[in-house]
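Participant: could you look at this predicted model? Sequence included:
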Amino acid sequence: MSGKLSSKDIRKRIGHPVVDADGHYSDLIGHWKNRSRRALEEVNPANPDRKPMHELFERFGGKQLADRLDKNSIFDGLGATGTGNVKELNDLSACGIGRPEDILELLTRNLYCGGEADDPINAWAFNLRVNPYHAGIKTLRGSDIGHLDVGNMKEVIEETYELVEDGLVTEEDLREFVFINPLRFWGEGRFDFFRATVLENEAADTLRDERPSRSPE
């Protein structure tokens, strides 16, 4: 892998599945902290104590500004009832989310994303020190052997191992990337998916076991 970005690299970073998955997960956690129902009360225009607010406006802005504050629609007009008659202001309430850890549980349990074999960004999904709550994103290797820019199909699989050689992921991470996560992706919804294949026994054992928890280094 080269240290320079090619046009292919740039295209992959725009709408990259791992970037999207990690980004959405991190954004949801961040937005929850600022926009949950409880957090919204910090910016609710119905909450300020108007008397000391008026005194501060008059003290630092003059009587004219303070008088304009009293007539401002933020208190008596649309500002005070500007929710469009929406009673539930928690955008995530339909998902049963009442705390940021719920986002962690929903996304890391149900979300899968793919990544091309030679893409170093795949390592981001396994970087427990970066993702909120030290979460790992379920990433599975997507076959890119049919892509126009693949010069030699035989090199695609071995390029996957470059992530380990470059110190970006561990061999345990690589096993999840190329085996465990694809197996769970196909098998969790249909437990007999691998029946009568060479993977039947190992698939059954893996799907029964919980993924071992890992601590960030």
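Facilitator: Thanks, I have the structure now. As the structure is a prediction and not an experimental result, all values here were calculated from the model.
Participant: how close does the residue most central in space within the chain get to Ile97?
Facilitator: Per CA atoms, centre = their mean, the C-alpha nearest to the average position across the chain is that of Tyr25, at 1.6 Å. Applying CB to CB, to the nearest Å, the value for Tyr25 to Ile97 is 13 Å. C-beta: built from backbone N, CA, C; applies to glycine.
Participant: for His24, which non-adjacent residue is spatially closest?
Facilitator: Leu107 (7.8 Å; CB to CB, 6 or more residues apart in numbering).
Participant: neighbours of the one you found, how many?
Facilitator: 18 (other CB atoms under 10 Å).
Participant: tell me the pLDDT at the residue nearest to the centre of the chain?
Facilitator: With respect to pLDDT, Tyr25 scores 85.
Participant: now the helices for this structure?
Facilitator: 7-13, 17-35, 37-40, 50-61, 63-70, 73-76, 100-110, 156-160, 162-165, 171-175, 181-187, 200-208 (DSSP state H).
Participant: how distant is the second one from the center of its chain?
Facilitator: Meaning helix 17-35. In terms of CA atoms, centre = their mean, to the nearest Å, the gap separating the centre of helix 17-35 from the centre of its chain is 4 Å.
Participant: who touches it?
Facilitator: Helix 17-35 is contacted from outside by 13, 39, 91-92, 97, 100, 103-104, 107-108, 111, 113-115, 119, 121-122, 124-125, 130-133, 135, 137, 139, 142, using CB atoms under 8 Å, 6 or more residues apart in numbering.
Participant: distance of the residue sitting furthest away from the middle of the chain relative to Met53?
Facilitator: For the chain, the largest distance from the centre (CA atoms, centre = their mean) belongs to Lys63, which lies 48.5 Å off. Counting by CB to CB, the gap from Lys63 to Met53 is 14 Å.
Participant: repeat for Leu28
Facilitator: From Leu28 to Met53 the distance is 33 Å (CB to CB).
Participant: higher neighbour count, these two?
Facilitator: Just comparing Leu28 and Met53: by other CB under 10 Å the higher neighbour count belongs to Leu28, 21 against 14.
Participant: okay, the more buried one: pLDDT?
Facilitator: You'll see Leu28 listed with a pLDDT of 86.
Participant: any weak-confidence spans in this structure?
Facilitator: Residues of the chain meeting the criterion pLDDT under 70: 1-16, 73-85, 143-149, 210-217.
Participant: domain assignment for it?
Facilitator: Per automatic domain parsing, the structural domains of the chain span 46-76, 111-208.
Participant: hey, which of those is tucked in deepest?
Facilitator: domain 111-208 (a mean of 16; mean count of other CB atoms under 10 Å).
Participant: now do the same end-to-end measure for that domain.
Facilitator: Taking CA to CA, to the nearest Å, domain 111-208 runs 19 Å from one end to the other.
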